[in-house]
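Chemist: Sequence and predicted model, in that order:
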2 protein chains.
Amino acid sequence: MPEKAVSTEVREIDQPAYHHGNLRRAVMDAALQAIGESGPAGWSLRELARRAGVSHAAPAHHFGDKAGLLTAVAAEGFELFADALERASGDVYAVGVAYVRFAIDHRPYFEVMFRPDLYRADDPAMRSARERAAHVLHTTAGKLSPSPEQNRLTTIAAWSLAHGFAGLWLNGSLPESAQGDPETIARALLEFVFGPLATSTSQ
Amino acid sequence: MPEKAVSTEVREIDQPAYHHGNLRRAVMDAALQAIGESGPAGWSLRELARRAGVSHAAPAHHFGDKAGLLTAVAAEGFELFADALERASGDVYAVGVAYVRFAIDHRPYFEVMFRPDLYRADDPAMRSARERAAHVLHTTAGKLSPSPEQNRLTTIAAWSLAHGFAGLWLNGSLPESAQGDPETIARALLEFVFGPLATSTSQ
DNA sequence: CTCCAATCTTGTCAGTGGCTAGATTGAAGG
DNA sequence: CCTTCAATCTAGCCACTGACAAGATTGGAG
C-alpha cells in the first residue's frame, strides 16, 4: 500500500493534511449536513473539523468563529433563496409556493437564515441577498391592488402566510390533517387568501 | 450587622444556602430573562445558577439538564398561551391578535415553544397545554365556513398568518413599513384575509 | 430524638470555543 | 535551483460548559 495519500482525496487518518484542497466548502457542507441532522446548535466546530479530517482549529481560519460559519451559511442561503424566488417572480402563487418549497428543500439554510441571533446580521453579502429576496416579495405581492397602503398589507400577508406555514410545517406543529404534501397545501392556502383578489375583479 | 441571612431573601454572597426557598422558580425566571436577553442558546446553566446565587449543580436537581429546563419553559409557555387564546376564543380576529400579542409580550416563552429540537417534545404537561391551545384555533377559525375541508384550510391559514407575522416581526425581518404597532398590523392583516368571510354580518 | 427524603454543594471529567504560536506547503521571483 | 512569502493548517493552551457522582445540610415526620 502506498505511503503517501493523494492530496485531493479525503483524508484517511492521522497525519496532517495542511492543504486540504477546498476546506472552506467541505466545512460548509459538513455544517449543512449537521444542521439537517440536529439543528443549528446540535454540533460543534470541532466535530465539523473531524468530519472534514482536519485539525480542530482549521475551520477558524476560514470562518473566524462559529458565528462566522453560520453567517456564511445564511449568506449562501439567501442567495439560493433569492434565486428561487426570482425564478417565480411575478406570480403571487408561484412565489409563495417557491418560498415554502425552499424552506423544505433547503431546510438547513432556512433554519439559520431567519434566526439573526445565530450569526452576524450586518454581513453585507448576506444583506444584499436578503434584500434581493425581499424585493421579489414586494414587487409581486405588492401589485395586486392599486392602493399603496393595500400593497404593504398584501405583501406582509403573503409573506407571513408562507413563512408561518413553512415554519409550522418544519417543526411539526401542524395537525395530522395538514401532514400531506406541503406544496399542495401551500398552493391551496394562497388561493384561499388571494383567490378573491386575483380571480374575480373584486378590489 | 446580623450574621444569619433570612432564608427567603436572595442570597447575599458566599456560604451555602441549601434551602433556597423556591429555587425552581428562581431558575426558571432567570432562564426567561436570559432568553430575552440573548436567545435560548446565549447562556449556560451555570450562569443561571450564579444569578440565583446557588452552586453550579443545583439547577440540575430540579430540571435534570438544560433540555429539562427548556421543557419546563415550553410547558409553562403553552399554558399561558392556551389561557390567552381561550380568553379570546370565538372571535377569529381576537384570537389572531392574541396569538401575536402573546408572542411579543412573552417573547422568551415563544422563542422556545415552537422549537421542539430544544426540549423534550414528548413531555405530557407540555403536550396537553399545546393541544388546549390548538383546540382554540380549530374551533374558532374552523367554523367560519360550512365545509369541513374549507375549515381545515381556514384554520391553517389563520394559524400560519399569525405565526408567520409574529416570527417575522420578532426577528426583525419585516421592512420598515411594518415596524409600527404589531397588534394594529396583525388586526389589519386578519381583516384583510378574513374580512370578506366574517364582516358581512360579522359574527 | 432519630431517621428520612428533599435540597443543595463540592469535586470531577470529557468536550467546547477561541486564542496564540508554529509548522507545512505551493507559488512567485531572483 | 534557491529563497522568500503568504496562505493554509497543526499544536497547545485556557476558561468555560454540561453532566455526573458523592457527600453535606436541612426541615419535618414518626
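Modeler: It's in.

Chemist: hey, let's count contacts and neighbours off CA atoms from now on
Modeler: Will do.

Chemist: Outline the domain layout of chain A.
Modeler: If you go by automatic domain parsing, the domain ranges for chain A are A:1-64, A:67-198.

Chemist: need the residues of chain A near DNA strand C, please.
Modeler: Within chain A, the positions near DNA strand C by Cα under 7 Å from any atom of the strand are A:18-19, A:43-47, A:56-57, A:64-67.

Chemist: Just the residues you listed: which are in helices?
Modeler: Among these, DSSP state H puts A:L45, A:R46, A:E47, A:K66, A:A67 in helices.

Chemist: Pull the contacting residues for the fourth one.
Modeler: With contacts defined as Cα atoms under 8 Å, 6 or more residues apart in numbering or on different chains, A:K66 is in contact with A:L45, A:A60.

Chemist: Check what pLDDT the residue of chain A found nearest chain B gets.
Modeler: When scored by Cα to the nearest Cα, chain A has A:G164 as its residue closest to chain B, at 3.4 Å. Note on A:G164: pLDDT of 98.

Chemist: Provide the contact partners of the host helix or strand of it at residue level.
Modeler: For A:G164, the element it lies in under DSSP states H and E is helix A:148-170. Contact partners of helix A:148-170, identified using Cα under 8 Å, 6+ apart, comprise A:96-97, A:99-100, A:103-104, A:137-138, A:141-145, A:174, A:179, A:182, A:186, A:190, B:156-157, B:159-165, B:167-168, B:174, B:177-178, B:188-189, B:192-193.

Chemist: Now that helix: buried residues?
Modeler: Residues of helix A:148-170 classed as buried: A:150-170 (neighbour count, 16 or more other Cα atoms under 10 Å in any protein chain shown).

Chemist: How far off centre is the helix or strand following that helix?
Modeler: Following helix A:148-170 in sequence order, the next helix or strand is helix A:182-198 (DSSP H and E). Here helix A:182-198 is found 22 Å from its chain centre; the criterion is Cα atoms, centre = their mean, to the nearest Å.

Chemist: angle of helix A:182-198 against helix A:148-170?
Modeler: 160 degrees (axes from the mean of the first three to the mean of the last three Cα atoms, to 10 degrees).

Chemist: got the CA positions of helix A:182-198 in PDB?
Modeler: The C-alpha trace of helix A:182-198 is given here as PDB (Å, rounded to 0.1, in the frame of the first residue of the first chain):
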ATOM      1  CA  PRO A 182     -46.800  20.900   1.800                       C
ATOM      2  CA  GLU A 183     -46.600  22.300  -1.700                       C
ATOM      3  CA  THR A 184     -50.200  21.400  -2.400                       C
ATOM      4  CA  ILE A 185     -51.400  22.800   0.900                       C
ATOM      5  CA  ALA A 186     -49.400  26.000   0.400                       C
ATOM      6  CA  ARG A 187     -51.000  26.500  -3.000                       C
ATOM      7  CA  ALA A 188     -54.400  25.900  -1.500                       C
ATOM      8  CA  LEU A 189     -53.700  28.400   1.200                       C
ATOM      9  CA  LEU A 190     -52.600  31.100  -1.200                       C
ATOM     10  CA  GLU A 191     -55.600  30.500  -3.400                       C
ATOM     11  CA  PHE A 192     -57.800  30.700  -0.300                       C
ATOM     12  CA  VAL A 193     -56.300  34.100   0.700                       C
ATOM     13  CA  PHE A 194     -55.600  35.700  -2.700                       C
ATOM     14  CA  GLY A 195     -58.100  33.900  -4.900                       C
ATOM     15  CA  PRO A 196     -60.700  36.600  -4.500                       C
ATOM     16  CA  LEU A 197     -58.200  39.300  -5.300                       C
ATOM     17  CA  ALA A 198     -56.700  37.800  -8.400                       C
END
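
Chemist: No further queries at this time; thank you.
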